[in-house]
Every structure is written in structure tokens, then in C-alpha cells.
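Q: Just need the structure, nothing else, for what follows:
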Amino acid sequence: MSEASLNGSGRVGFLGGTIISLLNGISFEGVIETVFYTFLGTIVSFGVSWLLKYFMKNHLKGR
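A: Residues are numbered from 1 along each chain as shown. Just a heads-up that it's a prediction; the model follows:
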């Protein structure tokens, strides 16, 4: 059984082609949408964590 091996320039060509094909599928609008949802998720996560901390602190204080 024969194994196919790539030399240095073959590897670079393979990686370059893979990266270019991946970048071809990414749109600018998709990147902006992802950044927006990431920012929104961070804000919501921070708010929920803060509210839970606030409620737990007040709940334990009342005991």
C-alpha cells in the first residue's frame, strides 16, 4: 500500500487552497452579524449574572 506524501511546497499549496476556499464562503455581512450577536450575548450574560448575584445577596441577607 502506497502512502501519498506532500513536500513543502505541496503542503503550502494545500493549506493556501483550503484557506482561500474557506474565506470565499465568508461574507462581510455574516461577520458583522456575528460580531453584533457576540456583543449582544455578552451584554445579556453580564446582566443575568449581575441580577442573579444581586438576588442571591439579598435572599441570603433576609435569612
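
Q: pLDDT (mean, whole number) over the helix or strand residue 46 falls within?
A: Assigning secondary structure by DSSP states H and E places residue 46 in helix 28-62. Helix 28-62 shows a mean pLDDT of 92.

Q: That one: how far from the chain's middle?
A: When distances are taken as CA atoms, centre = their mean, to the nearest Å, helix 28-62 is centred 17 Å away from the chain's centroid.

Q: ok, now stretch 18-28?
A: 16 Å.

Q: could you dump the helix or strand where residue 10 lies to CSV, C-alpha only?
A: If you go by DSSP H and E, residue 10 is part of helix 8-24. C-alpha atoms of helix 8-24 as CSV (Å, rounded to 0.1, in the frame of the first residue of the first chain):
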residue,chain,number,x,y,z
GLY,A,8,7.0,21.5,1.5
SER,A,9,5.5,23.4,-1.5
GLY,A,10,2.7,20.9,-1.8
ARG,A,11,1.7,21.5,1.8
VAL,A,12,1.8,25.2,1.4
GLY,A,13,-0.4,24.9,-1.8
PHE,A,14,-2.8,22.6,0.0
LEU,A,15,-3.1,24.9,3.0
GLY,A,16,-3.4,28.0,0.8
GLY,A,17,-6.2,26.5,-1.2
THR,A,18,-8.0,25.4,1.9
ILE,A,19,-7.8,28.8,3.5
ILE,A,20,-8.9,30.6,0.3
SER,A,21,-11.9,28.3,-0.1
LEU,A,22,-12.9,28.9,3.5
LEU,A,23,-12.6,32.7,3.1
ASN,A,24,-14.6,32.6,-0.1
